[in-house]
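Visitor: Prediction below, plus the sequence it came from.
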Amino acid sequence: MAVSIASSNPGVATATPSSLAFTASNWDVYQTVTISGQQDANTANETAVINVAAPGVTTRTVTINVTDDDVPAIQTTVALVNVNEGGTATFGVRLATQPASTVAVSIASSNPGVATATPSSL
């Protein structure tokens with residue numbers, strides 16, 4: 001008998017192999033299914049259900065809780081910028097993870113008499 005193994009949400013968790021074969025000699029031996037939590041860019045813990053099914057047999061489900069490993073943070077392209085008096089320089093800013101909603105990032109100089117930053121928010 002072939003038993004199919006399928007995730008309700010492969011973007012959250014996958015299962016391998018996709019099927020198991022049971023025979024008269026191994027019907028009572030557990031076979032291993034490997035679950036893989038999928039890497040994503042958000043910070044949400046997510047859930048998927050693994051369906052274990054075969055014709056004529058009651059389907060079983062296994063709930064998979066995937067704990068997210070992403071940490072919300074602001075990243076910059078540099079940690080130090082050198083600029084001449086009267087000159088300008090630039091650096092990049094981004095979020096380390098995908099936010100659930102819009103994020104406003106404030107940009108400000110600790111000493112505006114020496115250097116200013118524009119824009120004041122992103």
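Guide: Sure thing, it's come through.
Visitor: mind listing the helices for the chain?
Guide: In order along the chain, the chain carries no helices (DSSP state H).
Visitor: and residue 98, what pLDDT?
Guide: Note for residue 98: predicted pLDDT of 87.
Visitor: need the contact list for the most centrally placed residue in the chain.
Guide: Most central in the chain under Cα atoms, centre = their mean is residue 40, positioned 2.3 Å from the mean C-alpha point. By Cβ atoms under 8 Å, 6 or more residues apart in numbering, the contact list for residue 40 reads 11, 68, 70, 98. Heads up, the C-betas are built off the backbone N, CA and C, glycines and all.
Visitor: Identify the farthest-apart pair in the residues you listed.
Guide: 11 and 70 (14.6 Å; Cβ to Cβ).
Visitor: just to revisit the earlier point, separation between the residue nearest to the centre of the chain and residue 98?
Guide: Applying Cβ to Cβ, to the nearest Å, the value for residue 40 to residue 98 is 8 Å.
Visitor: Residue 116 too?
Guide: Taking Cβ to Cβ as the measure, residue 116 falls 30 Å from residue 98.
Visitor: isn't residue 34 right next to residue 18, touching?
Guide: No: look at residue 34 against residue 18 with Cβ atoms under 8 Å: they stay out of range, at 11.2 Å.
Visitor: Give me the distance between residue 19 and residue 1.
Guide: 10 Å.
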